Structure formats: C-alpha cells, structure tokens
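Q: Kindly return the folded structure for what I paste below:
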Amino acid sequence: MEKSCTLLIHFDEGTPAIANEIKEALEGNDVAAKIDAMKKAIMLLLNGETLPQLFITIVRYVLPSEDHTVQKLLLLYLEIIEKTDTKGRVLPEMILICQNLRNNLQHPNEYIRGVTLRFLCRLNETEIIEPLIPSVLQNLEHRHQFIRRNAILAVMSIYKLPQGEQLLVDAPDMIEKVLSTEQDPSAKRNAFLMLFTCAQDRAINYLLTHVDRVSDWGELLQMVVLELIRKVCRTNRAEKGKYIKIIISLLNAPPTAVIYECASTLVSLSSAPTAIRAAANTYCQLLLSQSDNNVKLIVLDRLNELKSSHRDIMVDLIMDVLRSLSSPNLDIRRKTLDIVLELITPRNINEVVLMLKKEVVKTQSGELEKNGEYRQMLIQAIHSCAIKFPEVASTVVHLLMDFLGDSNVASAIDVVVFVREIIETNPKLRVSIITRLLDTFYQIRAARVCSCALWIIGEYCLSLSEVESGIATIKQCLGELPFYSVSEEGEGTDASKKTPQANSITVSSRRPAILADGTYATQSAASETAFSAPTVVQGSLASGNLRSLLLTGDFFLGAVVACTLTKLVLRLQEVQPSKVEVNKATTQALLIIVSMLQLGQSSVLPHPIDNDSNDRIVLCIRLLCNTGDDIRKIWLQSCRQSFVKMLSEKQLRETEELKAKAQVSHAQPDDLIDFYHLKSRKGMSQLELEDEVQDDLKRATGEFVNDTDDANKLNRILQLTGFSDPVYAEAYVTVHHYDIVLDITVINRTKETLQNLCLELATMGDLKLVERPQNYTLAPESSKQIKANIKVSSTETGVIFGNIVYETSNVHERTVVVLNDIHIDIMDYISPAVCTDAAFRTMWAEFEWENKVAVNTVIQDEKEFLEHIIKSTNMKCLTPVSALDDECGFLAANLYAKSVFGEDALVNLSIEKQADGKLSGYIRIRSKTQGIALSLGDKITLKQKGGN
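A: Coordinates of the predicted model:
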C-alpha cells in the first residue's frame, strides 16, 4: 500500500546506530542522550527499518519526559511509525499513546499544546483521533493565538478525513464563528482556508459580506482570498466580474506578494484592456521598487508573456520597462532590451533611442567591469532600431562612431558593422560618415575593425577630396616606408623577433580560421590583436595603428589595405582630371603594396606571409600596372552590389520570419463583431462590460476549446514486455524540461495472485531515478498504474532499463521479467535557435568537444541531404538560402540549436558530389559538453542513410 511521507531528513549511512544502544540511551536519565537516541531512531525508521522493540521502551521512558525537545521528537516518532496492521486495523498498543496526547492537548504549556495539535494534522487513524476531538475543540477558544491557529488546522485535517464529516458534523459552523470573532491574522487565515477547502460556499459568502474590508485584511488572508477567487472563476465564469473588482481593489495593498499575485490572477482571468493595463502597471511598479534580481527577472518574464498577447497595452509602458536598465545585472538588462525592441513603434522610437544613447554615454564613465559587454548589447539594440526606423540613424551613428576604438573588440565590431549597413541604407549620411570615419580611423585598435573600416573607405569614398583623404589617412596610419631596414634583416632572428613584440600585446600563431560558411582557411593573424601605445619602429617616426598591426604579422589586414588602396586609385583615375596626380598616387600605392610584400617575405617577422594574402597583394600590383574596363567594373561596382544583395536578403529573411510569426490570424473573416453600445449593460461596470466582450470574442474564435492531440499520445506509448509474458507492461513517456514521467501500466495475465510485485528501474547517462520502487500485490487478470519520475540533468541520449520481479503463492522463488529498454531521445531537449555568424564562429573556436561523422547516404542531391539532416536533428540552418542556390557540386552549411538547459549545439555540414553521383564529406558537431556532441553524432549516423 502506498504511504504518504510527511517528514524528510538527511541520513548519513556511514554511521548506522544499533537498536540496543538506542534502547540503553532512552532508558537512562540523561536528557541530551535521550534526544540524540530519539533522532537516531527517527532516521532509522525513515530509512526502512522497523525497530518494533523500541515502542514499549519509548512509552515507558520517553512519554513521561517534561523536556520540550524530547516531546517534539516523540511526536515525530509517532508520526512515522506503523500504526496499523496488514488489514488496516489500528494496532492495540496505539491506545497507550491516546491518553498521553489528551494530556498534551490540556497541558499548561502553550508549546506542548501547539505541537500536539500540529501532530494531529498528520494523523489519519480515526480510532486514535476520535477520543481527542473534545480536547481539540476546547483549544479553539484558548487565549493564546499559537494554539488557536493549530487547533483550526487540526479541525480542518480531521474534517477532511474519510469519516471526518461524521466526527465533526458542525465543524464549518464553528470555524465560521471563530472567523467572525478572531483577531489574530494567522488564525484568521487558517479559518478562512478551512472554509475555502471544506465549505466553499460559506467562504464565498463571508468574502462577499466583508468585500469592503478586504484591503485591510492581512497579507496571509489576502493570498487565500486570491486563491479562492481563482478557483471560483474557473468553475463559474459568469461570476467573474464582481471578483475582478475585488482583485483591482487589492492592487493597492502594501504587501508586494499580494500585488504580484493580484496581477497574475487578473491576467489569467480577464482579457479586458482595463484589467490588463492595471496588471502591467503593477508589474512595472514591482520592477522598479524591488531590489532582488530574481524578482526582477520573474517580473520581466511576466511582462514578456503580456507582450506576446497584449502588445498594444505594453507599447504604452515601454519607457517604464526601460527604467529597469538602471540595474547593474546583465541578465536583467538583456531581458529588458529584448522586450523593448519588440515594442518599438514610430511613436516611441525617438524616446527609446534617446534613452539608449544616454545609457551608452554612461558606459564610458562607469567603473563597472562588464561595461564593455553592456555597451555591446546597447549598440546591437540601437542597430536594430536604426534598421527598423532608418530616420533615427542620423541621431545615433556619430555617437557610436566614437566607440570604433573601443578596447572591447566585440562592441567595436558591432559599431563598424552598424556603420557599414547605415552608410548603404541611408545615402544622405554617406558624406558625414566618411568624413568622421577618416578623422577617427587612427584610433581603431583591432584588426577586424580596421579591415571592415577599410572596406567602407574603399567603397564609399566617391568624390575627389574623399578619395585623396582616404589615401592620405592610410599612408599616415602605415607610417614611413620601408617597414624595416636591410641591415636589421641580417642581425639575426632574435633581434627581429623582439621588434614586433615591443609593439603588440599578443603575437599570433598560424592557425585555421572559420569562414562564414563554416569551412576552414589558414589565417596567420590574431584577428583581435589589440596593440599597445605606438612606439618608434626601426628608426621611423611614431607609427600608426595599421603599421603596428602589420608588424605583428597580420597579413590578412595587409591584403585588405592593398585592396582598399587599389580601389581608391582606380576611383581617383575616374575623378581626377590630372594624369600626373593619378600616376603619382599609383606609384605611391605600388610602393606601399610592394613594401608589405617584402615585409612578408623577409625574416624580420616570426613567420612569413600566408599564400592567400600573398596572392591577393600580387593581384593588386598587377591590377595597378595594367587595368582593363571589365576589371575596373568588378572592383568598383560588383563588391558593393554583392553587399546590397546581402542586405536585401537579410531583410527578406527577417520579414519572412515576422510573417511566419503572424500567420495565426487574430480575426477570421467570419468572426463575431461585438458592438459595445448594443450590449445589454444590466448594471455592469465598464470593466465587467469589457470582460464580457472579450469573453464573447474568445468564445467566437475558439480560444476556450482545448483539443488534446490523442494521436500524438499514442506515439509515445512503448511496449516493455511481450504479449506472451505472464506480466504485460507498457509505458507512456512524458518528457518535461527537467524530468521524465513514466506512466507504466502493468497487467497480470495469469490466474494467480502476484505478490511483492516490484518494478525495478535503472538508468544510463545523466538520468536519476527519484524514488525507490514499492511492492504491490496484483490480483488475477487485474492491472496497476505505476508512476516513475526520472530527473534529467543534461542534454544527452539516455537509456532506462529494468525488470519486473514478483512472487506467486505456490512458487517460492522470485520470477523476473526483463523489460525492453526505453531510449530517451535528445530531440526532446533541443530546439532550433538563431545566432549571428560572429557568435557561431566564436563558439566554434571555444568549444572543446567535437564529433566528426563521415557522410554515408543514398541521397544524391546536396540540398535534399541538408534538408534531411535539418529535419532529423531539429536544428536551424544559419546559412542563408541564397548561399545554397545553384549547382556547383559542393555545399557547406552551419546548423544551430539550443537545449532546454541553455547548452549550444553547433553543426557544420561540408559535402561534395563525387563523379559517380554519390555524396561524400563530413558533418562536424561541436558543443561545450560531451553528451550533446556524442548524442547528436549517434542521431545523425542513425538517420543520415535514407530519405524516409
């Protein structure tokens, strides 16, 4: 028989107590030893020991003790011992404790009375309770509130017993009288709770009689009132209006827990705009008044839920939500920005951007260590604002350009990407952005930011003055030529290695870089190398940022410098009428490019130039020496056209995602239209009227109807034993986020009674069984539902295996039926997610677990195979559709997903079509934990074969 456990204590199995030692300690006169012995006895009982020999000892030596701790432990002991025999009858020795309990209930000490009443709340045996009822009822009128509180709870638990209504016929009447006279808030709450659970109509009657005084009741009682309102409104929707008024009156109560519960209750019960607005305002007040970060995060979650269902109301509160950016916690700030960005409209965009600008400025002066990360979040938020509403770009772009030289490389990259997008989408800002970029270029300290800024200079310097300024700026940042002197080259490698190190904080090594499509390329530069203050190099003047970065061996940047100079010279040929000036600029550019090439091939640097950069720089030299019209067109127009195409595709992708989200039409063509003015008011308040209208609309659109997917349920039933086994078992598996519930049906197929039937389960992987198995007795051809909870602690494929063990009356040996294994699929825990290319590459470089799966499939089309893998792994393809268009025999794509535990799963698919039409290549999986990498690899290996 299943027993409920009311007590849980940690037990250290390393020091088991012996029953004889406990008995000796209990028989002694030392109170401390008695207390210790009682604790040991309770722990042993909780861990499955029976200790029948201790009962009489405890009755003789512990029962008479006057010590409060001993009495409390005695009650805990009585709570957990077995009080009935196998047939459910109360054991005769239990009569011995009845007199003691009655004495305790009339004890002069309030504590002893109170804990005994509390003990009665957890007693289920009617025979023990019945003689104690008069004493319990006397305590309802005791002068001390602690006793009255527990007496009310004892009456409630007795009344809830199977024969409780016969034992205490007029309990609701008595408690109602107590409620009307009681002054103690806690006792009053217990009395109201008793009426709420045992006589709901009386509780409702009491509430409606005292409706004007609800706001003056204590916090505890107000919480129970809200629970009652929720229960009543779910069962009787017609009565909702008058209760919503009570909730709104409680919104002004001082206790914050009550206010929060009121807001949650309002949102769950009503869709009336007035009610939702009141709830949202309450959440915003809590957001600002509470200092606890966990409370703020919970409130932000509630606001996020409101945003999806009542966006119009949330738009008006956007500035209140933004005020929570004052919290220094990054998670709160991130959540706030996520909510705000989805509530932006043309009416509030200027206010929001102004606030974000102020926050960006604050990050410059602040001393907080995470200011760089916060600034990056703000820059990304401003970026998305400027894309949605291009008119605000002009107000923010110049402020953000101050951060191009930011020491936080990630935020500097975000700024330069933002500038690149704005200069293309806002042609009016082109001149001012280029001028500002050329003025601040020398401050940029990261190679990746320099590369992007150089591309902007090469593409968007169009007039004569801009082109000349661009060439001059690059020359200034490269410093005087040459980059090294010939004499220094012969001085040996030791001296040559010291020079670049003097100028750089990190000297990179040759390493593979991950390109946007996920493929590898050799890159001989640490792309985020931040350099120290410029120093004199090889006798030249103080060097610029480009020179310092080149002398660390960053030849990828060198190739970008060469391409930018080439573009500027080609454009100069178009806008400069003087041939002499054009030739002069061309020769200067050639000199710089050749110097970079010489530097790369010399032994001054720790490693030579890589082949990719060498080829690009040589191409630039050839181009400047001999330019054709077709080549000029490619260099001056095609690059920019590709960028425009990329932007338009990104925009198209975003609009498609928005369309997909908005596919659920809120107003169907045949929806009911409700005219407020024609609706019968029948003395309703405005709020009640609004609520009625919203309910009518919900009823018309089918929101009140919940269809459960029965077909989906059947898919989750797993057969555990065969039909010919004496015991048939099947399990229905429900996967929640952090636990798995197995609902197992066991059927006795035999004509005999199965005794001590036990379901024994074991797990493999990061799964843990929560409770110990119990023994059952199963009648012939009867069935039993057994529930098993399994805790999940990480995302990986797990296996649950086990067996059913039972005994029959005529066979003394135990029979074992082995069960089929239950495989827990990783797909239940991961869902498609989106991240930027930069974030994907950063994670790819950081994650240490990689699983490489060779492609082995009968599918012959690259795109079809990619679709099959996406469907099988429940992942999102980050590579844009345009990059996968056309036929070329190769395909490289990145896939991304996130687990419910917040873990990231990265997949790179690189395949090639062989001459015989078969696909070959590899699927690489990377993650922070081994479990995801291995489980996803197994899943892909299993599924990649065929198209079904």
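Q: pull the helix or strand with minimum mean pLDDT from this structure.
A: helix 493-503 (a mean of 39; mean pLDDT, DSSP states H and E).
Q: can you tell me which helix or strand the nearest residue to residue 112 once chain neighbours are set aside belongs to?
A: Closest residue to residue 112 apart from its sequence neighbours, by Cβ to Cβ, 6 or more residues apart in numbering: residue 104 at 5.4 Å. All C-beta atoms are positioned from the backbone trio N, CA, C, and that covers glycine. Residue 104 belongs to helix 95-105 when assigned by DSSP states H and E.
Q: And the contacts of the next helix or strand after that helix?
A: Going down the chain from helix 95-105, the next helix or strand is helix 110-120, by DSSP H and E. By Cβ atoms under 8 Å, 6 or more residues apart in numbering, the surrounding residues in contact with helix 110-120 are 68, 71-72, 75, 78-79, 101, 104-107, 129, 132, 136, 139, 142, 144, 146-147, 149-151, 153-154, 157-158.
Q: 6 Å instead, please
A: Residues outside helix 110-120 that contact it (Cβ atoms under 6 Å, 6 or more residues apart in numbering) are 68, 71-72, 75, 104-105, 107, 144, 146-147, 150-151, 154.
Q: Make CSV from those and add distance to residue 632 to it.
A: Formatted as CSV, these follow (distance: Cβ to Cβ, whole Å):
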residue, distance to residue 632
68, 97
71, 99
72, 93
75, 95
104, 102
105, 102
107, 104
144, 98
146, 93
147, 97
150, 93
151, 97
154, 95
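Q: Just the element for the residue of the chain most remote from its centre, please.
A: Largest separation from the mean C-alpha position in the chain: residue 580, at 63.8 Å (Cα atoms, centre = their mean). Assigned by DSSP H and E, residue 580 belongs to helix 579-601.
Q: For the stretch 701-850 of the chain, which segments are assigned as strands?
A: 717-719, 727-735, 739-748, 754-764, 767-769, 775-778, 783-792, 798-808, 815-818, 822-824, 830-832, 849-854 (DSSP state E, counting those that start in this stretch).
Q: Ok, which of those strands comes nearest residue 38?
A: Closest of these to residue 38 is strand 775-778, at 28.7 Å (criterion: Cβ to Cβ).
Q: tell me the average confidence for that closest one?
A: What strand 775-778 shows for mean pLDDT is 86.
Q: Residue 243 against residue 228, yeah?
A: No. Between residue 243 and residue 228 there is no contact under Cβ atoms under 6 Å: 8.9 Å.
Q: Okay, now the unreliable bits of this structure?
A: Along the chain, segments meeting pLDDT under 70 span 1-5, 10-17, 366-369, 486-543, 660-713, 737, 795, 811-812, 945-948.
Q: Closest to the centroid, which residue in it?
A: residue 902 (5.6 Å).
Q: Make sure that one is indeed in a helix.
A: No. The assignment for residue 902, made by DSSP: H, G, I helix; E, B strand; the rest coil, is coil rather than a helix.
Q: give the contact list for it.
A: Residue 902 neighbours (Cβ under 6 Å, 6+ apart): none.
Q: gap between it and residue 849?
A: 16 Å (Cβ to Cβ, to the nearest Å).
Q: Same question for residue 799.
A: From residue 799 to residue 849 the distance is 20 Å (Cβ to Cβ).
Q: ditto for residue 265
A: Residue 265 is 46 Å from residue 849, by Cβ to Cβ.
Q: higher neighbour count, those two?
A: residue 265 (22 against 14; other Cβ atoms under 10 Å).
Q: Pretty sure residue 225 is one of the things the more buried one touches, is it not?
A: No. At 10.1 Å, residue 265 and residue 225 do not qualify as touching, with contact defined as Cβ under 6 Å.
Q: which stretches of the stretch 401-550 of the chain form helices?
A: For the stretch 401-550 of the chain, the helices defined by DSSP state H, counting those that start in this stretch cover 409-425, 430-440, 447-460, 464-478, 486-489, 493-503, 545-550.
Q: Of these, flag the one that's most buried.
A: Of all those, helix 545-550 has the most neighbours on average by mean count of other Cβ atoms under 10 Å, namely a mean of 26.
Q: and after that helix, which helix or strand comes next?
A: Moving toward the C-terminus from helix 545-550, the next helix or strand (DSSP H and E) is helix 555-575.
Q: Now do that next one: distance to the chain's middle.
A: Computed by Cα atoms, centre = their mean, to the nearest Å, the chain-centroid distance of helix 555-575 equals 46 Å.
Q: List of residues touching that helix?
A: By Cβ under 6 Å, 6+ apart, helix 555-575 touches 447, 450-451, 454, 457-458, 464, 467, 470-471, 523, 525, 549-550, 582, 585-586, 589, 593, 596, 600, 609, 613, 616-617, 620, 623, 632, 635-636.
Q: buried set for it?
A: 555-573 (16 or more other Cβ atoms under 10 Å).
Q: ok, now stretch 627-639?
A: Applying 16+ other Cβ under 10 Å to stretch 627-639 flags 627, 632, 635, 636 as buried.
Q: All set now, cheers.
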